[in-house]
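J.: Provided below for reference: sequence and predicted model.
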Amino acid sequence: MSIETSTYDVQAIRKDFPILANARPHAKPLVYLDNAASNQKPQVVIDAIAHYYTHQNSNVHRGIHHLSQVATLHYDAVREKVRDFFNAPSAQEIVFTSGNTDAINLVAQSYGGAFLSEGDEVVITEMEHHSNIVPWQMICEQTGAILRIAPMNDDGDVILEEYEAMLSEKTKFVGIVYVSNALGTVNPVKEMTRMAHDVGAVVLLDAAQAAPHLRIDVQELDCDFLSISPHKMCGPTGIGALYGKADLLDKMPPFKGGGDMILSVTFDETIYNEVPYKFEAGTPNIAGVIGLGAAIDYMMNIGLDQIEAHEAELLAYGTKILQQVDGLRMIGTAKHKAGVLGFVLDAAHPHDIGQILDGEGVAIRAGHHCAQPVMKHFGIPATSRASLSLYNTKQDLDALVVALGNVNEMFG
């Protein structure tokens, strides 16, 4: 039975997102398929942020007055919500950051800077987003470590045999994208983590694209670090979260210095705060954290398994109808995918496609998607990417196909 007509009421969910009704690009109804870049926000998240600013606005921690106490209570409660979302053992293992990129940089600079040495090896995959490439290039340059790249095949799957063969006693760190933002590939991260642990390596999973689509259990995955991008999962921009195993976070030095990450400061010595606060220097994005908490509540109230099933049905439907478009070739055909439909069209460059679709009210992403090595692998400069979220419908995908037919007509 179709999820859309049974337990998953997508039309009711769409009513929770005011922009879907209010935005009319070029006087057309909005068909929003750029969710891998950033998805839309439900009213409850917007309201939570507005409520903080209109009823609770104050700096958190150390404040004696009422507003600071209330703001601190609500801010700290979100850490427990993120812990539950990850199924992490402790809320102290959750560090708030300014985003997924900041979380990865924190690990690269703090853990990598402290524990990588000349000749050590860091392994990442060919399908990584730039945010899980550049920080490791930087720390390898600083430490003399060597960056190695696990290849993928033309379906967009990591070649596990070559990845495993690349691992050795020299491998000290492994960074793996959970779901590729350019291809949609869902990597076998549990197996890849086990392989890395077998040689004593520490593992970070970049879950920016996984968290909106899949249930995540860090204890089951046994990863050492995992990062998310809340603005891709109904939350606000400018906020991120990092899970790290407590024993690793304890021995890592702070990434940034300033207020709130200290216990005491003199000109002779600074004593750092405990985990996670020693990684959270300065006034945090309090409203962003509040919004993240509301986003997690919203997604969990719908049901993460229900969201995954709905989007899997959309992905299958979208793949089927896109393959019927003349001159269209899918980029990313792994058997296990989530949320992403990347393609090229013989008739037009992705940027032209994106512009023409925009005129029809259809929002997609065109470009290299901060994954230039992926584009190089396929010998193309860019792709068009339609990406899904919990409020999308088959009608959205039908509109995409109609608009692509117009592109073919226009370019002959």
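T.: Thanks, I have it.
J.: shaky segments in the protein?
T.: 1-6 (pLDDT under 70).
J.: and it, what are its domains?
T.: Domains of the chain are assigned by automatic domain parsing as 3-32+303-411, 47-300.
J.: Among these, show me which one is buried the most.
T.: Among the domains of the chain, domain 47-300 has the highest mean neighbour count (mean count of other CB atoms under 10 Å), at a mean of 20. Placement of C-beta: from N, CA and C, glycine included.
J.: next one: that domain to chain centre, how far?
T.: Taking CA atoms, centre = their mean, to the nearest Å, the mean C-alpha location of domain 47-300 is offset from the chain mean by 10 Å.
J.: mind listing the strands in the stretch 101-250 of the chain by residue range?
T.: For the stretch 101-250 of the chain, applying DSSP state E, counting those that start in this stretch gives strands covering 121-125, 146-150, 171-177, 202-206, 225-228, 240-244.
J.: To Val78, which of those lies closest?
T.: Val78 lies closest, by CB to CB, to one member of the strands of the stretch 101-250 of the chain: strand 240-244, at 9.0 Å.
J.: Give me the contacts around the closest one.
T.: Strand 240-244 has contacts (CB atoms under 8 Å, 6 or more residues apart in numbering) with 82, 86, 88, 93-103, 106-107, 218, 223-230, 252, 279, 292.
J.: still on that earlier bit, so which of the strands of the stretch 101-250 of the chain comes closest to Arg385?
T.: Of all these, strand 171-177 sits nearest to Arg385, with 15.2 Å by CB to CB.
J.: coming back round to it: out of the strands of the stretch 101-250 of the chain, which gets nearest to Gln355?
T.: Here strand 171-177 is closest among the strands of the stretch 101-250 of the chain (CB to CB), at 28.6 Å.
J.: sorry, back to before: could the domains of the chain go into TSV alongside distance to Asn39?
T.: Formatted as TSV, these follow (distance: least, CB to CB, whole Å):
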stretch	distance to Asn39
domain 3-32+303-411	4
domain 47-300	6
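J.: For Ser38, find the nearest of those domains.
T.: Ser38 lies closest to domain 47-300 among these, at 4.9 Å (CB to CB).
J.: First-to-last residue distance for that closest one?
T.: From its first residue to its last, domain 47-300 covers 18 Å (CA to CA, to the nearest Å).
J.: Check stretch 178-187 too.
T.: 5 Å.
J.: Stretch 15-27 now?
T.: Start-to-end, stretch 15-27 (CA to CA) is 20 Å.
J.: Touching it from outside, list them.
T.: 14, 30, 32, 40-44, 46, 298, 358-361, 363, 391.
J.: ok, back up a step: which one of the strands of the stretch 101-250 of the chain lies closest to Gly342?
T.: strand 171-177 (14.4 Å).
J.: got the angle between that closest one and strand 121-125?
T.: 20 degrees (axes from the mean of the first three to the mean of the last three CA atoms, to 10 degrees).
J.: Let the chain start at 545 from now.
T.: Fine by me, first position is 545 from now on; the one you just mentioned is strand 715-721.
J.: which residues sit against strand 715-721?
T.: By CB under 8 Å, 6+ apart, strand 715-721 touches 648, 655-656, 659-660, 664-669, 671-673, 676, 680, 689, 692, 711, 731, 733, 736-737, 740, 743-750, 753.
J.: Could you rerun that using 7 Å?
T.: The contact list for strand 715-721, computed with CB atoms under 7 Å, 6 or more residues apart in numbering, reads 656, 659-660, 664-669, 671-673, 676, 680, 731, 733, 736, 740, 743, 745-750.
J.: strands paired with that strand, and their directions?
T.: For strand 715-721, sheet partners with direction are given as strand 665-669 (parallel), strand 746-750 (parallel), following DSSP bridges.
J.: Now do the first one against strand 690-694, angle only.
T.: Using the same axes, to 10 degrees, the inter-axis angle of strand 665-669 relative to strand 690-694 is 30 degrees.
J.: next one: the last one
T.: Between the axis of strand 746-750 and that of strand 690-694 there is an angle of 60 degrees, by the same axes, to 10 degrees.
J.: Dump strand 746-750 to PDB, restricted to CA.
T.: The C-alpha trace of strand 746-750 is given here as PDB (Å, rounded to 0.1, in the frame of the first residue of the first chain):
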ATOM      1  CA  VAL A 746      39.600   6.100  14.800                       C
ATOM      2  CA  VAL A 747      36.500   6.800  12.600                       C
ATOM      3  CA  LEU A 748      34.400   9.900  11.900                       C
ATOM      4  CA  LEU A 749      31.100   9.600  10.000                       C
ATOM      5  CA  ASP A 750      29.900  12.600   8.200                       C
END
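J.: residue boundaries of the strands in the stretch 795-944 of the chain?
T.: Secondary structure of the stretch 795-944 of the chain by DSSP E, counting those that start in this stretch: the strands cover 806-809, 814-816, 872-874, 884-889, 906-907, 909-911, 927-931.
J.: mind giving me JSON lines with these and columns for distance to Asp849?
T.: Listed next are the strands of the stretch 795-944 of the chain as JSON lines, based on distance: least, CB to CB, whole Å:
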{"stretch": "strand 806-809", "distance to Asp849": "42"}
{"stretch": "strand 814-816", "distance to Asp849": "40"}
{"stretch": "strand 872-874", "distance to Asp849": "26"}
{"stretch": "strand 884-889", "distance to Asp849": "20"}
{"stretch": "strand 906-907", "distance to Asp849": "27"}
{"stretch": "strand 909-911", "distance to Asp849": "27"}
{"stretch": "strand 927-931", "distance to Asp849": "20"}
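J.: Quick one: closest of the ones you listed to Gly956.
T.: Closest among the strands of the stretch 795-944 of the chain, using CB to CB: strand 884-889, at 12.3 Å.
J.: circling back to that earlier point, so which of the strands paired with strand 715-721 comes closest to Tyr596?
T.: Of all these, it is strand 746-750 that lies closest to Tyr596, at 28.7 Å by CB to CB.
J.: outside of that closest one, which residues touch it?
T.: In contact with strand 746-750 (CB under 7 Å, 6+ apart) are residues 644, 648, 651, 655, 673, 676, 716-722, 733, 737, 740-741, 765, 767-771, 792.
J.: now with 8 Å?
T.: Residues outside strand 746-750 that contact it (CB under 8 Å, 6+ apart): 644, 648, 651, 655, 672-673, 675-676, 716-722, 733, 736-737, 740-741, 765, 767-771, 792.
J.: what's the answer for stretch 697-706, then?
T.: Against stretch 697-706 from outside (CB under 8 Å, 6+ apart): 669-671, 694-696, 724, 727-729, 731-732, 735-736, 875-879, 921-922.
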